[in-house]
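Enquirer: return atomic coordinates for the entry below.
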Amino acid sequence: MEIAHDMNITQLFIGLAAGVTLLIWGLKRVQEGMNRAYGSKLAYLVRDRFAGVWSALGLGATLTLILQSSTAAALLAASLGVQGEAGLAFLLGADVGTTIVALILSFDLSALSPLLIAVGVGLELRGRSKRLQGIGQAAMGLGLMLLALATLRSMAEPLQASALFVDIMRSLLAEPWLALLFAAAITFMLHSSLVMVLLLSGLVAAQVIDVPGGLLLILGVNVGSALIPVYMSRGASNAKRVAPLGNLLLRCIGVMAFLPILGWLHNLFNTLQFAGAWQLVLFHCLFNLTVASFGMLIVSKLAGWIDYRLPPQKLTPTPSPKHLNDILDTSPAAAISNVVRDTLTMGDLLEDMLKDVHRDMYKNVEVLAKKINQSDDIIDDFHQQINAYLLELGGQELSKEERDRCQDLLLFTTNIEHAGDIIERSIIMLLKKKNNLHIEFSSQEKEAIEACMQGLFEVMPLSFQVMMSEDAEAAKGLFQAKQAFNVMHQKQLDKLRQRAMEQRVSPLAHSLFNDIMRDIKRLHSHFTAIAYPLLSRQGALHNSRWRGAEDLPPVVELDKKTFSDDPVN
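Expert: Just a heads-up that it's a prediction; the model follows:
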């Protein structure tokens, strides 16, 4: 009998674990669906609609209502640079938003679960737009959450008959600080305060734990939820750590303030005749509203106080142009030489970006994307400063050779900047899409990408050599390298296109492969473009690659006198 009883308890715990897992999975589906449907609009709200700490508070609550997770809302805000006192207000608003979601889901809406799942699956599979598909995914996730809550309620009720479980919970709740740490640790591991609040309210409703013990555990849940952003920002700059640390400090103060009055609040709720589960949800709401109200009164001072006391960081200096001296105090030849030196640094940065993509394109794309974004911002800054310097230099007294040299450098730096944009805005986006759709390239496709990437690495040093030396023979070698690359690139595409038709590979996977190959060819063209103006000035290029172009009449050059300031009669 005891063995059978133990097996029954084991099955109940497995059922509870399955319910919690389904609840987390449904919550994730809601987040993914809303990001899919309104991702760009959510980013616009965070980036462009800040007007102070109060708007940050409201925005945090709004985004949490949409995404149904304060953690997801905080990550979105952090990715768009929300920090300091605005970031702290945003986190306070996000926690308030979580309480509203918990308040809504605490009602027994399980009857809506089948309808939401059916409608959601239909929209996701048959929706004609990305937004409809995202809304369907979110609806299905909400239906799964309601189904999970019904499962938890049904699984929690038999636990009150288990003397072993009841004794464990009583022993835990007899030590308030241990109970707080336990609830905080479980919340941190689940990465969701919403899941814990709903789980605890279900256990209280089933009378597995008493209401005072549930209120105590709710305090631990709020501490655990504040630990999540602190952990995620552990390696960030001090400015990005201020908001999570401030939120954690405010919650710890709130716990110290509410802990002595838990008994009084329980008696008040009983007087108002609130059910046990409702008392937990209402207490969670009261706690977060109180902490947010107090926090908004001191948000600026608290953020400044935390920032002042954080240990100073040893920040790696951001690369920047170092040789762009004042043009008026520098000869044109020396100024051009300085531009070449900084252009080489710019090229090294781009080469490092390509090496990062080549090394990590099949690994953690999210980490790679952050690194590429930072590198491209540095390259953009180089391009802006060098471009402005060359344009100012072009307004000085220059010889024809010096003016041509300035134009060549303008072309080269612009192409490097464009190459960085291709990597950040196209290749990285394609790799993210590949990961999100769980697409794997075949070994032949990987070999083709590898061959073309090696072609890029081979042509880059030659491109820099032409830029520095203006050597005609090197320019011809660069031109020939482009022709050879184009032939190889086309052969790779033709071979894999034939394979795709014969083996009926996934059209989406083949399309992503073609797009990446296209971008690699665009990068190669940007590196080889420096050869064209040099060879053109030496008369080494035909005007057209079309054989019949020689039979065409010559282009008539318009007389400059044709364009006058006088109006046409």
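Enquirer: for A275, what are phi and psi?
Expert: Here is the backbone geometry of A275 (degrees, to the nearest 10): phi -70, psi 160.
Enquirer: leaving out sequence neighbours, find the closest residue to it.
Expert: Of all residues not flanking A275 in the chain, A205 sits nearest, at 7.3 Å (Cβ to Cβ, 6 or more residues apart in numbering). In this view, the C-beta of every residue, glycine as well, is placed from N, C-alpha and C.
Enquirer: just the C-alphas of stretch 356-367, formatted as PDB.
Expert: The C-alpha trace of stretch 356-367 is given here as PDB (Å, rounded to 0.1, in the frame of the first residue of the first chain):
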ATOM      1  CA  ASP A 356      33.600  36.700 -36.900                       C
ATOM      2  CA  VAL A 357      30.800  35.800 -39.400                       C
ATOM      3  CA  HIS A 358      32.900  33.100 -40.900                       C
ATOM      4  CA  ARG A 359      33.700  31.500 -37.500                       C
ATOM      5  CA  ASP A 360      30.300  31.800 -35.900                       C
ATOM      6  CA  MET A 361      27.700  31.800 -38.700                       C
ATOM      7  CA  TYR A 362      26.500  28.300 -37.700                       C
ATOM      8  CA  LYS A 363      26.700  28.800 -33.900                       C
ATOM      9  CA  ASN A 364      25.200  31.400 -31.600                       C
ATOM     10  CA  VAL A 365      23.800  34.000 -34.100                       C
ATOM     11  CA  GLU A 366      22.300  36.200 -31.400                       C
ATOM     12  CA  VAL A 367      25.700  36.800 -29.700                       C
END
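Enquirer: about what we covered before: any idea how far the residue nearest to A275 is from L282?
Expert: Distance of A205 to L282, computed by Cβ to Cβ, to the nearest Å: 14 Å.
Enquirer: and R131, by the same measure?
Expert: 35 Å.
Enquirer: for these two, indicate the residue with more neighbours.
Expert: L282 (19 against 15; other Cβ atoms under 10 Å).
Enquirer: got the domain boundaries for this protein?
Expert: 2-309, 317-430, 439-541 (automatic domain parsing).
Enquirer: tabulate these (CSV), appending mean pLDDT.
Expert: Listed next are those as CSV, based on pLDDT from 0 to 100:
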stretch, mean pLDDT
domain 2-309, 78
domain 317-430, 85
domain 439-541, 88
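Enquirer: deepest of those domains, which one?
Expert: Highest mean neighbour count of the domains of the chain: domain 2-309, a mean of 19 (counted as mean count of other Cβ atoms under 10 Å).
Enquirer: what distance separates it from the centre of its chain?
Expert: 22 Å (Cα atoms, centre = their mean, to the nearest Å).
Enquirer: any idea how far A17 is from the residue nearest to A275?
Expert: According to Cβ to Cβ, A205 and A17 sit 19 Å apart.
Enquirer: how about the helices in the stretch 201-350 of the chain?
Expert: With DSSP state H, counting those that start in this stretch as the criterion, the stretch 201-350 of the chain has helices at 211-232, 238-258, 262-271, 276-297, 299-309, 332-360.
Enquirer: next one: the stretch 51-200 of the chain
Expert: For the stretch 51-200 of the chain, helices defined by DSSP H, counting those that start in this stretch occupy the ranges 53-67, 70-79, 84-105, 113-126, 130-156, 163-173, 176-190, 193-205.
Enquirer: that older thread, distance check, the residue nearest to A275 against T21.
Expert: 20 Å.
Enquirer: for D307, same thing?
Expert: For D307, the distance to T21 - Cβ to Cβ - is 39 Å.
Enquirer: alpha carbons of stretch 462-482, as PDB, please.
Expert: Written as PDB, here are the backbone C-alpha positions of stretch 462-482 (Å, rounded to 0.1, in the frame of the first residue of the first chain):
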ATOM      1  CA  LEU A 462      45.100  42.700 -52.700                       C
ATOM      2  CA  SER A 463      42.400  45.400 -52.500                       C
ATOM      3  CA  PHE A 464      44.200  47.200 -49.700                       C
ATOM      4  CA  GLN A 465      47.500  46.900 -51.600                       C
ATOM      5  CA  VAL A 466      45.900  48.700 -54.700                       C
ATOM      6  CA  MET A 467      44.400  51.300 -52.400                       C
ATOM      7  CA  MET A 468      47.800  52.100 -50.800                       C
ATOM      8  CA  SER A 469      50.100  51.800 -53.800                       C
ATOM      9  CA  GLU A 470      47.900  52.700 -56.900                       C
ATOM     10  CA  ASP A 471      50.000  50.100 -58.700                       C
ATOM     11  CA  ALA A 472      48.500  49.300 -62.200                       C
ATOM     12  CA  GLU A 473      49.700  45.600 -62.200                       C
ATOM     13  CA  ALA A 474      48.200  45.000 -58.800                       C
ATOM     14  CA  ALA A 475      44.900  46.600 -60.100                       C
ATOM     15  CA  LYS A 476      45.000  44.200 -63.000                       C
ATOM     16  CA  GLY A 477      45.500  41.300 -60.700                       C
ATOM     17  CA  LEU A 478      42.500  42.500 -58.600                       C
ATOM     18  CA  PHE A 479      40.400  42.800 -61.800                       C
ATOM     19  CA  GLN A 480      41.400  39.300 -62.800                       C
ATOM     20  CA  ALA A 481      40.600  38.000 -59.300                       C
ATOM     21  CA  LYS A 482      37.100  39.400 -59.700                       C
END
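Enquirer: so how far is that stretch off the chain centroid?
Expert: Stretch 462-482 has its C-alpha centroid displaced from the chain centroid by 39 Å (Cα atoms, centre = their mean).
Enquirer: so what touches it?
Expert: 340, 343-344, 347, 405, 408-409, 412, 458-459, 524-525, 527-528, 530-532, 534-535, 538, 540 (Cβ atoms under 8 Å, 6 or more residues apart in numbering).
Enquirer: show only the entries of the residues you listed found in strands.
Expert: Residues from these lying in strands, with DSSP state E as the criterion: none.
Enquirer: take those residues and keep only those in helices.
Expert: Within the contacts of stretch 462-482, residues falling in helices by DSSP state H are 340, 343-344, 347, 405, 408-409, 412, 458-459, 524-525, 527-528, 531-532, 534-535.
Enquirer: returning to what we had before: can I get the helices of the stretch 51-200 of the chain in CSV including distance to A335?
Expert: Below are those laid out as CSV (distance: least, Cβ to Cβ, whole Å):
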stretch, distance to A335
helix 53-67, 46
helix 70-79, 40
helix 84-105, 40
helix 113-126, 59
helix 130-156, 50
helix 163-173, 74
helix 176-190, 57
helix 193-205, 60
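Enquirer: out of these, the one nearest G214 is which?
Expert: Evaluated over the helices of the stretch 51-200 of the chain, closeness to G214 peaks at helix 193-205, with 4.4 Å, by Cβ to Cβ.
Enquirer: for that closest one, which helices and strands make contact with it?
Expert: helix 2-48, helix 84-105, helix 130-156, helix 176-190, helix 211-232, helix 276-297 (3 or more Cβ pairs under 8 Å, 6 or more residues apart in numbering; DSSP states H and E).
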